[in-house]
Every structure is written in C-alpha cells, then in structure tokens.
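>>> my questions are about this predicted structure, shown below with the sequence.
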Amino acid sequence: MKTVLLLLAVTATATADVFTMETTLSESMIERQIREGTRQLFLEQQALARAQVLAKGSEPFIDYSDDFYLGKIQLGTPAQTFNVVLDTGSSNLWVIDSTCTAGPCNDKFPGYTRTKFNTAKSTTYKAETTAFSIQYGSGSCKGHLAHDVLSFGGLKVTSQEFGVATTLATVFGSQPMDGIMGLAWPALAVDKVTPPMQNVLPQLDKPLFTVWMDRKTKPATGQNAGLITYGAIDTTNCAASVAYVALSAETYWQFPMQGFSTTGYSDTKTYQVISDTGTSWIGAPNTAVAAIVKATGAVHNAAQGVYEVPCSEMKTLPAVVLNIGGAKYSIPSVEYVLDLGLGGGKCAITFFDMTGGGFGPSWILGDTFIRTYCNVYDIGGKRIGFSLAKHTGL
C-alpha cells in the first residue's frame, strides 16, 4: 500500500550504455477504494488470500494493493506495448493473454485501458507446452510459457522466456496493469526462467540499475514521479555518496539490518530485510509497528485497515531510523505519512504488520523507504546501495 500509483512513461536516453525509464502519477487503488466505499470488502478478500498455503515455487508479493512502478515494455514482432509492474520482489515476466476474457481479465480501472498480448499477431512468437503458475502473496496467475522479442527502456532481448497468463486472481484484475516484470535474482524465478535483467546485462555500461521515486505531498495524475536508470547510478536525482551493503541472499534483494529506533524505542536486533519496489509501504514485525504507532500517536482505522494521524502532523512526527551496515537511515514523517483521502483531516502512516508473512525476511522495505533513499541494485557486485533521494516538492 502507498499513496499514489506510479505509471512509467518510457524515455530511452543514450549516455554510454545507460538507459532510463521515467515515471508519472495516477490515482492509487486504496484511494479509489476509499472513495468508492469498497475498501473493507477488499481487506476481507485479502485476508482470505493470505491465509492460503503458498504452493511450491511461490513468490510472496506482500501488500500488492496500491502504488507500484509500471513500465512500458514491448513484446513481439511487430511490437505490442504493455504496462507492467517493475518488481524487485519477484523474478518472472508475464503478461495477460488476449484469450483471457473471463472475470478479472476484463475488470475495469478508471482511466486505464488494459492491453492483452495477441500472440497470433507476432511473427517471432514461440509457444511452449510448459504450464506457468505463480502464487504471489495476494493472488496467482496461470497460463503457459513462451518466447518472443522483448524491449524495454531502449534495451532489447531477442528471445525472452516469459509467462502468458490465461487466468488471473481478482487483485490483478483490479489494478491498472498488463503484467509483471520481476527484477530480482534468477534463483527466485519460477520454472528456472532467466529474468530479463540477466539477459540485458551485456548491453549495460555497468551491471546495475538505480531506482529513484519522487515524493509529492499533493500527488496529481499525470505528473512525473521518478526514474529507473539501467546501467548507471542516477547522480541527478540521488546524492553523490552511495553506501553499499553486501547481500545475504541472491533471491530477493535481501540484506541484514541491525535494528531501528524511533522516539521512545530502540531495537538492536539483526533482521533479514528485502528491498521491494512491488511493495508500497514498509512491512515490519508487530512489535516494531506497535512502537511506531505509539511514537506517532496513530489510531487504528479498522474499516480502512490503516493507522491514521492528523494530516497537519505530516512533517512534525518523529523519524523512524533504520541501522543498515553501520549507517543510520532516517525516514522523516513527510515520507511515511500519506494523504489517502480518508477524510476528516486524517492521513495514514505507511507501515504494516509482517506477522505471518510466511517467508524468511522479517522486514520489507517498500516504496516508503525507496522514496527516501535511492536504491542501487548492483547485480555485478552482489550488493545494494543507498543514496539520499532528492525531492523538489518538499
């Protein structure tokens, strides 16, 4: 969950072998649910989905219910364009098949027209007989594997293996998206498919990519909202100094965090955490969330499933400080307090309880953290770097 949906408009720029993808804003799902009065029903459906046992080869995609990066990719010959979630929390690429016409495949999202892959119109398309199925933390997609030409951000893969989805979970149908492109490690990929990033590494100046998310306290549809840079560190939108920490696993972008603190609370325990562009908020153990709630004076809004504080305190509440690799990463309240249209002058704090997540990492550092600090995903160095993000609107 988070405040606004991030839609990527692709702009390829040539700086050696460096490529960028620019972002714009759209209404988030949680804002729409609150406006339409459907938020409580959605929360009940999510609770049922998360109670299910994940199948073998599953990939948790916790809190896939609000803002995320969408990038324009092209598949096939001639090229067909799709908006897909750019997700560092998974490793597979999939798009919706044109034959998927039932249920969620035809769900509507205001202001968005879904695009499906017409395989019959691609002269380079090669279908496989292997069935394709991924169970995310909030729903699944099923279909079959295939190969075709893939292009994104000025990069091109002549034969990318990917999933063609013929069945979707409800949550995917209610999102303004045509699929997902995973940016995590090959070991996490279902069916041992080679992820797109590994296929384009030889084309890059450096084997890494940088994610910068902008922060707008009053988001508006259509505004630029961030940038993903393939092959270089973004020195325009991120501070020059980058602090790196070695990965503790090459599945998710996983690394150790040596505790956190906020007003009246300090925790020095070492946790395994992941950086995930596909999760909009920060997921933490219930003790950590309770400490943050106490420090901020937040009150639980059961109907909307969020903790809320007065919007007037957006810039004055205590910071939440993460200790990673011996460095302190302070997340100010202007980054974690978001106006979701709750009404009554109330805003949400962007933390959620990870208890019962059902997989290794104890924390998920989603867009709230990534928006505060640019994340440098260094594939070649098997490390992740953090640099203070620049925001002109704060």
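Looks like it arrived, so ask away.
>>> alpha carbons only for contacts and neighbour counts from here, please
Noted.
>>> kindly check the end-to-end length of stretch 75-85 for me.
One end of stretch 75-85 to the other measures 15 Å (C-alpha to C-alpha, to the nearest Å).
>>> show me where pLDDT drops low in the stretch 151-300 of the chain?
Residues of the stretch 151-300 of the chain meeting the criterion pLDDT under 70: 217-225.
>>> so where do the strands sit in it?
155-168, 179-182, 208-213, 224-230, 243-246, 249-250, 253-262, 265-275, 282-284, 299-301 (DSSP state E, counting those that start in this stretch).
>>> would you turn those strands into JSON lines with distance to E313 and mean neighbour count?
What follows is the strands of the stretch 151-300 of the chain, written out as JSON lines (distance: least, C-alpha to C-alpha, whole Å; neighbours: other C-alpha atoms under 10 Å):
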{"stretch": "strand 155-168", "distance to E313": "40", "mean neighbour count": "22"}
{"stretch": "strand 179-182", "distance to E313": "36", "mean neighbour count": "26"}
{"stretch": "strand 208-213", "distance to E313": "22", "mean neighbour count": "26"}
{"stretch": "strand 224-230", "distance to E313": "23", "mean neighbour count": "24"}
{"stretch": "strand 243-246", "distance to E313": "30", "mean neighbour count": "18"}
{"stretch": "strand 249-250", "distance to E313": "38", "mean neighbour count": "16"}
{"stretch": "strand 253-262", "distance to E313": "16", "mean neighbour count": "21"}
{"stretch": "strand 265-275", "distance to E313": "20", "mean neighbour count": "17"}
{"stretch": "strand 282-284", "distance to E313": "19", "mean neighbour count": "25"}
{"stretch": "strand 299-301", "distance to E313": "13", "mean neighbour count": "14"}
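>>> next one: phi and psi at the residue nearest the centre of the chain?
The C-alpha lying nearest the average C-alpha coordinate of the chain belongs to G278 (C-alpha atoms, centre = their mean; 1.6 Å). Torsion angles at G278 (phi, psi; degrees, to the nearest 10) stand at phi -90, psi 0.
>>> partner residues bridging the nearest residue to it once chain neighbours are set aside?
Spatially, and ignoring its direct neighbours in sequence, G278 is nearest to D87 (4.7 Å; C-alpha to C-alpha, 6 or more residues apart in numbering). Beta bridges link D87 to G182, judged by DSSP bridges.
>>> for E250, same thing?
Taking DSSP bridges as the rule, E250 bridges to W253.
>>> verify the stated contact: it with A187.
Yes: counting by C-alpha atoms under 8 Å, A187 is a contact partner of E250 at 6.9 Å.
>>> tell me where the stretch 1-150 of the chain has strands.
Secondary structure of the stretch 1-150 of the chain (DSSP E, counting those that start in this stretch): strands located at 4-10, 19-27, 69-75, 80-87, 93-96, 126-136, 139-152.
>>> save those as CSV, and put in distance to A169 and mean neighbour count too.
Output for those, formatted as CSV (distance: least, C-alpha to C-alpha, whole Å; neighbours: other C-alpha under 10 Å):
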stretch, distance to A169, mean neighbour count
strand 4-10, 20, 26
strand 19-27, 21, 23
strand 69-75, 19, 25
strand 80-87, 15, 23
strand 93-96, 12, 25
strand 126-136, 9, 17
strand 139-152, 5, 21
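>>> can you say which of those is nearest to G366?
strand 80-87 (10.4 Å; C-alpha to C-alpha).
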